[in-house]
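Student: model this:
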Amino acid sequence: MAAHGPLAGLKVIELAHIMAGPICGLMLADMGADVIKIEKVPDGDDTRRMVPPTVDGESAAFMILNRNKRGVALNLKSPGGKAVLEKMLATADVVIENYRPGTMERFGLGYETLHKMNPALIYCQVTGFGRTGPYANRAGFDLIAQGLSGIMSVTGEGAGRQPVKAGPPITDISAGFLAAMGVLAAYVHRLKTGEGQLVDTSLLEAGVTTTYWQSAICLATGKSPGAIGSAHPLSAPYQAIQTQDGW
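Tutor: Residues are numbered from 1 along each chain as shown. Okay, here's the model as predicted:
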């Protein structure tokens with residue numbers, strides 16, 4: 001069946017696992033791109049084992065993050081698996097990866113190498129803490145990014161209570177959205193120039209991005225607004241309110 005949408009005909013190779021990178025691929029796939037997900041051998045993406053629940057024997061978590069994609073399993077540590085991937089990347093428009101920093105370089109498939117092989121390729125990298133800085137080589141997880149970005153300092157019910165993360169893994173999700181937006185911007189650039197680019201974002205950057213109101217307060221006053229439950233730091237009344245028929 002032919003793909004539909006504004007990105008129909010765009011070939012995307014997704015070398016990403018769990019959530020942030022796959023959400024970037026998901027956004028592009030939902031807009032019509034042909035996204036081919038590369039999974040590891042023998043077990044595939046870790047979200048395949050995030051159960052229950054399952055639907056027809058497949059992880060519901062895996063399926064919701066990987067809809068509209070095609071898939072193949074490759075052992076990138078083997079010469080044959082690497083050769084197959086290189087052939088796919090030679091004609092790809094976009095590659096997405098969220099491995100630990102340095103992994104693609106160890107495979108001989110880092111940005112500089114791929115750019116020489118395919119100058120029009122858009123290379124999108126999602127990391128925990130960015131490509132530079134003291135934490136650049138560390139693996140990242142949503143809970144850690146929510147803490148370091150300040151989200152957990154303004155979530156919950158206030159002083160004396162334990163830190164609380166947002167219910168959904170919002171730094172994973174936001175990083176995927178930011179990555180997809182970066183890919184789209186790079187694609188516009190490529191349409192004008194024929195040139196591919198490196199796009200990168202991180203869980204930490206995505207977390208900080210979600211703190212607009214709280215950051216504005218902190219930058220203006222020098223103080224963090226802290227946690228205030230379901231209330232709003234700049235508008236009232238704006239919180240969960242008990243009524244006769246429930247909250």
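Student: can we go C-alpha only for contacts and neighbour counts from here?
Tutor: Will do.
Student: hmm, who's touching stretch 184-200?
Tutor: With contacts defined as CA atoms under 8 Å, 6 or more residues apart in numbering, stretch 184-200 is touched by 111, 115, 119-127, 130-131, 179, 182-183.
Student: pull out the buried positions in that stretch.
Tutor: 184, 186, 187, 190, 195, 196, 197, 198, 199, 200 (16 or more other CA atoms under 10 Å).
Student: pull that stretch out as PDB, backbone CA atoms only.
Tutor: C-alpha atoms of stretch 184-200 as PDB (Å, rounded to 0.1, in the frame of the first residue of the first chain):
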ATOM      1  CA  LEU A 184      12.000  18.500   9.300                       C
ATOM      2  CA  ALA A 185      14.100  21.700   9.500                       C
ATOM      3  CA  ALA A 186      17.100  19.800   8.100                       C
ATOM      4  CA  TYR A 187      15.000  18.400   5.300                       C
ATOM      5  CA  VAL A 188      13.800  21.900   4.300                       C
ATOM      6  CA  HIS A 189      17.500  22.900   4.200                       C
ATOM      7  CA  ARG A 190      18.300  19.900   2.100                       C
ATOM      8  CA  LEU A 191      15.500  20.700  -0.400                       C
ATOM      9  CA  LYS A 192      17.100  24.200  -0.800                       C
ATOM     10  CA  THR A 193      20.800  23.100  -0.900                       C
ATOM     11  CA  GLY A 194      21.000  19.300  -1.500                       C
ATOM     12  CA  GLU A 195      23.000  19.100   1.700                       C
ATOM     13  CA  GLY A 196      22.400  16.800   4.700                       C
ATOM     14  CA  GLN A 197      23.100  17.900   8.300                       C
ATOM     15  CA  LEU A 198      23.700  16.600  11.800                       C
ATOM     16  CA  VAL A 199      20.700  17.100  14.100                       C
ATOM     17  CA  ASP A 200      21.000  16.400  17.800                       C
END
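Student: any idea how far that stretch is from the middle of the chain?
Tutor: Taking CA atoms, centre = their mean, to the nearest Å, one finds the center of stretch 184-200 at 19 Å from the center of the full chain.
Student: next: stretch 168-183.
Tutor: Offset of stretch 168-183 from its chain centre (CA atoms, centre = their mean): 4 Å.
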